[in-house]
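S.K.: my questions are about this predicted structure, shown below with the sequence.
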Amino acid sequence: MSDMGKVAVSTKDAPAAIGPYSQAIRSGDTLFCSGQVGRAPGAEKLEGDIKQQTKQVLENLKAVLGAAGLDMVHVVKTTVFLKDMNDFAAMNEIYATYLAPKDVVPPARSTVQVSRLPMDALVEIEAIAKES
C-alpha cells in the first residue's frame, strides 16, 4: 500500500491523537489538519466554557500549523463542529481574532451543530492550509 506522497505532521505542542489518525497530513503544498478539541497538550480532560475551549482549539491548530512551517494566514478552509449552535456568537468572537484579524482574508468555513464530540467537547475545528 502506497502513502501517495503524504507526510504526517505532529507536534508535542498540541494534544496527541486519541485514535488512529495524524494531527495533520501534508500532501504537496497543502496541509490537512485533523479536528482539534479544546484539550491542552498533556491535559487529561477539557476545561472551560465555549470561549476558553475555542481559544485552546485554535492554539492547538496554530501549533500543528507551526510544526509544518505554516501559520493561521495559510488556512484556506475550516470546518467548525459545535455541540450547541447557541454558542455560535461566542465561538465566532474568538475565531475571528485568530483567523480573521484586520487585513487578513478569512478562510472559507462551514459550521455545523453535532450531537456529540470527542471528550464531550463544546467545539472542534479542522483546517486545510496551503503554502503561498
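M.R.: All right, it came through fine. Residues are numbered from 1 along each chain as shown.
S.K.: where do the helices sit along this structure?
M.R.: 50-67, 88-99 (DSSP state H).
S.K.: who are the packing partners of the last one?
M.R.: Translated: helix 88-99. helix 50-67, strand 75-82 (3 or more Cβ pairs under 8 Å, 6 or more residues apart in numbering; DSSP states H and E). Glycine gets a C-beta too; all of them are placed from N, C-alpha and C.
S.K.: next, the buried residues of stretch 119-132.
M.R.: For stretch 119-132, a neighbour-count test (16 or more other Cβ atoms under 10 Å) marks 121-129 as buried.
S.K.: for those, which one is nearest M91?
M.R.: V123 (5.7 Å; Cβ to Cβ).
S.K.: specify the beta-bridge partners of that closest one.
M.R.: When bridges are called by DSSP bridges, V123 pairs up with L82.
S.K.: touching, it and T79? I think so.
M.R.: No - V123 is beyond contact range of T79, at 11.2 Å (criterion: Cβ atoms under 8 Å).
S.K.: S27: which of the helices and strands packed on helix 88-99 is closest?
M.R.: Here strand 75-82 is closest among those (Cβ to Cβ), at 13.8 Å.
S.K.: which other helices and strands contact that closest one?
M.R.: Under the contact rule (3+ Cβ pairs under 8 Å, 6+ apart), strand 75-82 is packed against helix 88-99, strand 108-113, strand 123-130.
S.K.: now the ones you listed in JSON lines, with mean pLDDT and distance to S10?
M.R.: Putting the helices and strands packed on strand 75-82 into JSON lines (pLDDT from 0 to 100; distance: least, Cβ to Cβ, whole Å) gives the following:
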{"stretch": "helix 88-99", "mean pLDDT": "98", "distance to S10": "21"}
{"stretch": "strand 108-113", "mean pLDDT": "98", "distance to S10": "24"}
{"stretch": "strand 123-130", "mean pLDDT": "98", "distance to S10": "15"}
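S.K.: out of these, nearest to V57?
M.R.: Comparing the helices and strands packed on strand 75-82 by Cβ to Cβ, strand 123-130 comes nearest, at 5.0 Å.
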